[in-house]
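Asker: Below: sequence and its predicted model.
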Amino acid sequence: MKTSAARLGIGGPVGSGKTALLECLVPKFVKRGVEVAVVTNDLLTTEDADRLKNRGILPPERIVGVETGSCPHTAIREDPTMNLLAVQDLELLYPQLDLILIESGGDNLASTFSYDLVDAYIFVIDVGAGDDIPRKKGPGFVQADLVVINKIDLAPYVGANLELIRQEATQYRQGKPLAYTNCKTGEGLAAVIDFISDQVLFN
């Protein structure tokens, strides 16, 4: 008998496309019959939660915005109490939940999740930020259960070498999973969905 929902963190720098990724993933899981809820983290607003509610991807009461009041990584790593309480409230209201997605506020390459809060986490980076991101070997990038390299369509327009990113991401991730995505077209999303299904939902 299921006692709690699977919990997946989604972190990464500002503008990397975390919320856009959620907007793509949630409808696909809902279509498969997966019961989903979302917790977002922002410093002093609930802007990401409001955006998701306005998009109508879930009933608004299944989307909870947490105002961390401090550096976002604090609320997902050092002291995840606020997020744990939000998760607990959702599970009490919706005991049938299969998956709770917890989005961190935009942070830097050092952002990681406490495994007291999540079962696994995804780290999202943006090709537009440059092809040197893998070489910086930030803890979020190196340690995440899955890294999503997003906005691959931008590479030719920002002078980023996508092949170099692929080579160095594979090198510095040391065999851990990677996915390359374009949320506008849906390219690469299947790999993210397969990871969540295999490693989080049904693991």
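Answerer: Received it, and whenever you're ready, just let me know what you need.

Asker: the helices in this protein, which residues?
Answerer: Along the chain, counting by DSSP state H, helices occupy 18-31, 47-55, 72-73, 81-93, 133-136, 139-143, 155-158, 162-173, 189-195.

Asker: weakest of those helices in terms of mean pLDDT?
Answerer: Least confident of those, judged by mean pLDDT, is helix 72-73 with a mean of 78.

Asker: re earlier: of the helices of the chain, flag the one that's most buried.
Answerer: Comparing the helices of the chain by mean neighbour count (mean count of other Cβ atoms under 10 Å), helix 72-73 comes out on top with a mean of 22. The way it works is simple: take the backbone N, C-alpha and C, and place the C-beta from them, glycine included.

Asker: just to revisit the earlier point, can you say which of the helices of the chain is nearest to Val124?
Answerer: helix 18-31 (5.1 Å; Cβ to Cβ).

Asker: which helices and strands does the closest one pack with?
Answerer: The contact analysis (3 or more Cβ pairs under 8 Å, 6 or more residues apart in numbering; DSSP states H and E) places helix 18-31 against strand 6-11, strand 36-42, helix 47-55, strand 99-103, strand 120-126, strand 146-150, helix 189-195.

Asker: Next, the angle from the second one to helix 18-31.
Answerer: Per axes from the mean of the first three to the mean of the last three Cα atoms, to 10 degrees, the angle that strand 36-42 makes with helix 18-31 is 170 degrees.

Asker: ok, strand 36-42: who's next to it in the sheet?
Answerer: When pairing is defined by DSSP bridges, strand 36-42 lines up against strand 63-67 (parallel), strand 99-103 (parallel).

Asker: CA atoms only for it - export them in PDB, please.
Answerer: Written as PDB, here are the backbone C-alpha positions of strand 36-42 (Å, rounded to 0.1, in the frame of the first residue of the first chain):
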ATOM      1  CA  VAL A  36       0.600  15.100  -9.600                       C
ATOM      2  CA  ALA A  37       1.100  18.200  -7.400                       C
ATOM      3  CA  VAL A  38       3.700  20.900  -7.500                       C
ATOM      4  CA  VAL A  39       5.600  23.000  -4.800                       C
ATOM      5  CA  THR A  40       7.500  26.000  -6.000                       C
ATOM      6  CA  ASN A  41      10.100  28.100  -4.100                       C
ATOM      7  CA  ASP A  42      10.700  31.800  -4.500                       C
END
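
Asker: how far is that strand from where the chain is centred?
Answerer: On the basis of Cα atoms, centre = their mean, to the nearest Å, strand 36-42 sits 10 Å off its chain's mean C-alpha point.

Asker: Now do it: everything it contacts.
Answerer: By Cβ atoms under 8 Å, 6 or more residues apart in numbering, the residues outside strand 36-42 that reach it are 5, 19, 22, 26, 29-30, 46, 48-49, 52, 58, 62-68, 72, 75-76, 83, 86-87, 90, 94, 97-105.

Asker: just the strands paired with strand 36-42: most buried one?
Answerer: A comparison of those by mean neighbour count, using mean count of other Cβ under 10 Å, puts strand 99-103 on top with a mean of 26.

Asker: Next, format the helices of the chain as CSV and append distance to Ile125.
Answerer: Converted to CSV, these look like this (distance: least, Cβ to Cβ, whole Å):
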stretch, distance to Ile125
helix 18-31, 10
helix 47-55, 18
helix 72-73, 15
helix 81-93, 22
helix 133-136, 5
helix 139-143, 7
helix 155-158, 13
helix 162-173, 9
helix 189-195, 14
